[in-house]
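# how would this look folded up:
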Amino acid sequence: MGGARPHALTMGATLCAMFTDQGPCYQSAMNKKQLKEYTGSFSKPSKMPGYSYGLPAWECQTGGKLSKIKGTVCYDCYAKKGFYAMYKTVKEAQYKRFKAVDRPKWVYMMASQIRLFKTKEFRWHDAGDIKSIKHLLKIFKVCKLTPGVKHWMPTKEAQYLKHIPVNRVPKNLIIRLSGTNVDGPAGKFWPWSSTVTTNPKKATCPAPKQGGKCLDCRKCWSRKYKNITYLKH
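Predicted coordinates for the structure are as follows:
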């Protein structure tokens, strides 16, 4: 343990895992079911590799305002209709995760669960968004405790990013600031962004040409690509 003081996690008599400030020191053995009960379940989007952690779009702060303005990327929000709204259990699961973020051992339980899934890529928020600086910093900790995983988080909550120095973001996490308007510019103050276009020639995401799937593309997870432009659908 290198002399660092560990954080012990228990649920009943079960020893879950111990973590140092440098990373996880696995000791045994909460199973996926127990971790899921604490953090809420992961989703497995068919388009993407790896897993995702979706929150309710109804709780988006900036996105909630933009969803009422025609021409914005949030107008007629996909995460408030179709599969997301069709099944009551989907919305209930999103709200369970939304509440779980505030639980005291959420960081360590999330890191344990990600490690147990043995995924190489993880997406934060295929629906929903960060709700506070505290929430964002918790995500930073999860990323630091899962150094072998590439994390990607799109967000429209610029008001929280403005309080975070770029060099504080874990190296295995890329945060992309989402542009506000369809066919509009990317945000200026953050080094990585995403935008939406109606022009197929301007789209840099290859998914529309690949049956709507990422396949072997990992641009969204790479800091090499400063902006990703998605085709509106």
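# Please, where are all the strands along this protein?
Ranges of strands in the chain, per DSSP state E, are 7-11, 14-20, 23-25, 51-53, 121-124, 150-155, 173-178, 193-197, 227-231.
# How far off centre is the last one?
Between the centre of strand 227-231 and the centre of its host chain there is 17 Å, according to CA atoms, centre = their mean, to the nearest Å.
# what do you get for the fifth one?
When C-alpha coordinates are averaged (CA atoms, centre = their mean), strand 121-124 and its chain have centres 5 Å apart.
# and if you look at stretch 179-192?
In terms of CA atoms, centre = their mean, the centre of stretch 179-192 is set 19 Å apart from its chain centre.
# do the same with stretch 208-215
Relative to its chain's centre, stretch 208-215 lies at 20 Å (CA atoms, centre = their mean).
# What's the mean pLDDT across that stretch?
Taken as a whole, stretch 208-215 has an average pLDDT of 96.
# Likewise for stretch 33-48?
For stretch 33-48, mean pLDDT is 92.
# May I have it exported as PDB, CA atoms only?
As requested, the backbone C-alpha atoms of stretch 33-48 are provided in PDB (Å, rounded to 0.1, in the frame of the first residue of the first chain):
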ATOM      1  CA  LYS A  33     -25.400  -7.000  -8.600                       C
ATOM      2  CA  GLN A  34     -24.300  -5.400  -5.300                       C
ATOM      3  CA  LEU A  35     -22.500  -2.600  -7.000                       C
ATOM      4  CA  LYS A  36     -25.400  -1.900  -9.300                       C
ATOM      5  CA  GLU A  37     -27.700  -1.700  -6.300                       C
ATOM      6  CA  TYR A  38     -25.500   1.100  -4.900                       C
ATOM      7  CA  THR A  39     -24.700   3.200  -8.000                       C
ATOM      8  CA  GLY A  40     -27.500   2.200 -10.400                       C
ATOM      9  CA  SER A  41     -26.900   0.100 -13.500                       C
ATOM     10  CA  PHE A  42     -24.700   0.800 -16.500                       C
ATOM     11  CA  SER A  43     -26.200   0.900 -20.000                       C
ATOM     12  CA  LYS A  44     -24.800  -0.700 -23.100                       C
ATOM     13  CA  PRO A  45     -25.600   1.600 -26.100                       C
ATOM     14  CA  SER A  46     -25.600  -0.500 -29.300                       C
ATOM     15  CA  LYS A  47     -23.800   2.300 -31.200                       C
ATOM     16  CA  MET A  48     -20.800   2.500 -29.000                       C
END
